[in-house]
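> This is the structure alone, sequence omitted:
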Ligand SMILES: Cc1cc2nc3c(=O)[nH]c(=O)nc-3n(C[C@H](O)[C@H](O)[C@H](O)COP(=O)(O)OP(=O)(O)OC[C@H]3O[C@@H](n4cnc5c(N)ncnc54)[C@H](O)[C@@H]3O)c2cc1C
């Protein structure tokens, strides 16, 4: 029976391992740390539930709900409160609700008349098909205007990538936006006429996708997948070396060496150059160190309800750089899901750093709490001190699919072709969201199975 090694027990590696095992393929999952989940980590403390990393899964593809069902977690799944749909973007120093309908767009105070006109003009702007790779910033200014970039897209980009819109590549970081222009000639026409195509493929647009977590936070999912793996999962065992000998891969750790027919790398891309990889055809693994992962700190604060003026009854608020605040955005965690805060309290999760202010992320925890409180005082009318705090730093958080990212994808394709049996999957290849990582884990199973045959 052919066997597979999986490096990394984040959501990608666990998803791949779970489905390979169900198909009867012997798997061994190597995890460098002492726990599973990778950047997912939820803790319950003093009646609050703090998410260190991701807060919600967006159900953009059918594989995501299927994994929850297959893992037996339907009864523990929590959909976000439908009353918490409002998203706020900061302008004029205060959070303004993002319009949720065309009528709302024309009456909102979030955009000036000039920006509203730019939206009306968008369907008539000729698509650009010169093949030159654009940044998301260039694309938005070309199709809408500078105000949309500065007051909306900059904030959205901070919310998804903690990134810089002038550097993020349109085709690599936002392939669906590029496809709307390529296929329908316009974003707005694509939104309207693309609905039928999306329905056919089972894909759901991000703004319409269900958002969910679990009763005890996102950690529930990796824990359940890990449980199903039993002793195929090896914790505290970083892989240090991969050697291709004839048709097999030898996986080496500090205390073991074992032979497999295929290896799936599900760790972060920036760690690939640290692995000693001896493939039969040499490849440039050191190039992956060029992928920029900016640092992000997540700061979960609990407040008494009466100490916060704003109702905080939505998804959260995003903050464009131009507004001059230090935090990138805040999720109203206790509005989204029950049991995230004790009765009469709020749980607010803010993010600091990213490509916008990388140095701020590594401030000492007490300074981070103060910085976040200062911004929240001004934006949400927070009065008292937090009654709960949890600070987590990801020194290398989210890969930036910046201009030129295609060379890394080409390199992965090239290595997979030359070094038969070595595969790449996860957040650095198929999209940075949790949902993307789950789909990546599902898809790699099919490719590995095919190669084993
Ligand atoms: C702060 C933050 C907030 C986020 N918020 C959201 C959100 O709300 N919604 C959303 O959809 N997405 C969000 N994301 C993105 C999403 O969480 C990630 O893209 C996804 O979880 C990545 O999973 P992964 O398995 O690909 O990688 P990881 O979670 O990075 O897992 C990789 C694993 O590989 C292990 N590893 C590394 N090297 C080795 C080695 N040599 N040997 C063995 N093991 C190794 C690591 O220890 C780690 O456990 C967020 C990310 C961050 C950082």
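Great, that's in hand. Since the model is a prediction, treat every value here as computed from it, not as a measurement. Numbers count the residues shown, from 1 in each chain.
> Any part of the host helix or strand of residue 413 near the ligand?
Under the criterion DSSP states H and E, the helix or strand holding residue 413 is helix 406-418. No. For helix 406-418, no contact with the ligand is found by C-beta under 6 Å from any ligand atom; the gap never falls below 13.7 Å. Bear in mind the C-beta positions are built from the backbone N, C-alpha and C, glycine included.
> what does the chain have sitting close to the ligand?
The chain comes close to the ligand at residues 7-13, 30-33, 38-40, 53-58, 238-239, 266-268, 271, 275, 296, 298, 394, 397-398, 426-427, 432-435, 437, as judged by C-beta under 6 Å from any ligand atom.
> so what's the backbone phi/psi at residue 134?
Recorded main-chain torsions at residue 134 are phi -100, psi 160, according to degrees, to the nearest 10.
> what comes up buried for stretch 351-359?
By neighbour count, with 16 or more other C-beta atoms under 10 Å as the criterion, the buried positions of stretch 351-359 are 351-358.
> Sitting in strands, which of these do you find?
351-353 (DSSP state E).
> Relative to the ligand, which of those is nearest.
residue 351 (6.4 Å; C-beta to the nearest ligand atom).
> Restricted to buried residues, select the residues of the chain next to the ligand in PyMOL.
Under the burial definition 16+ other C-beta under 10 Å, those of the residues of the chain next to the ligand that qualify are selected in PyMOL by:
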select buried, resi 7+8+9+10+11+12+13+30+31+32+38+39+40+53+54+55+56+57+58+238+239+266+267+268+271+275+296+298+394+397+398+426+427+432+433+434+435+437
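> circling back to that earlier point, any chance of CSV for the ones in strands among the buried residues of stretch 351-359, columns distance to residue 21 and pLDDT?
Converted to CSV, those look like this (distance: C-beta to C-beta, whole Å; pLDDT from 0 to 100):
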residue, distance to residue 21, pLDDT
351, 35, 98
352, 39, 98
353, 37, 98
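> okay if I get the buried residues of stretch 351-359 as a markdown table plus distance to residue 375?
Supplementary listing: those in a markdown table, determined by distance: C-beta to C-beta, whole Å:
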| residue | distance to residue 375 |
| --- | --- |
| 351 | 11 |
| 352 | 9 |
| 353 | 13 |
| 354 | 14 |
| 355 | 18 |
| 356 | 13 |
| 357 | 12 |
| 358 | 17 |
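> Quick check: the closest residue in space to residue 124 that isn't next to it in sequence vs residue 7, distance?
In this structure, residue 124 finds its nearest non-sequential neighbour in residue 186, 7.9 Å apart by C-beta to C-beta, 6 or more residues apart in numbering. Look at residue 186 and residue 7: by C-beta to C-beta, to the nearest Å, they are 43 Å apart.
> Then residue 332?
In this structure, residue 332 and residue 7 are 36 Å apart, going by C-beta to C-beta.
> cool, residue 28 as well?
Applying C-beta to C-beta, the value for residue 28 to residue 7 is 10 Å.
> Between the two, which contacts overlap?
Common contacts of residue 28 and residue 7 (C-beta atoms under 8 Å, 6 or more residues apart in numbering): residue 251.
> For the residue in the stretch 51-200 of the chain positioned nearest to the ligand, list the residues it contacts.
When C-beta to the nearest ligand atom is the measure, the stretch 51-200 of the chain has its nearest residue to the ligand at residue 54, with 3.0 Å between them. By C-beta under 8 Å, 6+ apart, the residues touching residue 54 are 39-40, 218, 434.
> possible to save those residues as JSON lines with secondary structure and pLDDT?
As requested, those are arranged in JSON lines below (DSSP: H, G, I helix; E, B strand; the rest coil; pLDDT from 0 to 100):
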{"residue": "39", "secondary structure": "coil", "pLDDT": "98"}
{"residue": "40", "secondary structure": "coil", "pLDDT": "98"}
{"residue": "218", "secondary structure": "coil", "pLDDT": "98"}
{"residue": "434", "secondary structure": "helix", "pLDDT": "97"}
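> Any chance of JSON lines for the residues you listed, columns distance to residue 389?
Shown next, in JSON lines, are the contacts of residue 54 (distance: C-beta to C-beta, whole Å):
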{"residue": "39", "distance to residue 389": "20"}
{"residue": "40", "distance to residue 389": "20"}
{"residue": "218", "distance to residue 389": "20"}
{"residue": "434", "distance to residue 389": "24"}
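> Give me the buried positions along the helix or strand bottoming out on mean pLDDT in the chain.
Every helix and strand of the chain was ranked by mean pLDDT, DSSP states H and E. The lowest is helix 195-201, at a mean of 75. For helix 195-201, burial by neighbour count (16+ other C-beta under 10 Å) applies to residue 198.
> Equivalent analysis for stretch 17-29, please.
Within stretch 17-29, the residues that qualify as buried by neighbour count (16+ other C-beta under 10 Å) are 17-21, 25, 27-29.
> Need these in CSV (columns: secondary structure and pLDDT).
As requested, those are arranged in CSV below (three-state DSSP; pLDDT from 0 to 100):
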residue, secondary structure, pLDDT
17, helix, 98
18, helix, 98
19, helix, 98
20, helix, 98
21, helix, 98
25, coil, 97
27, strand, 98
28, strand, 98
29, strand, 98
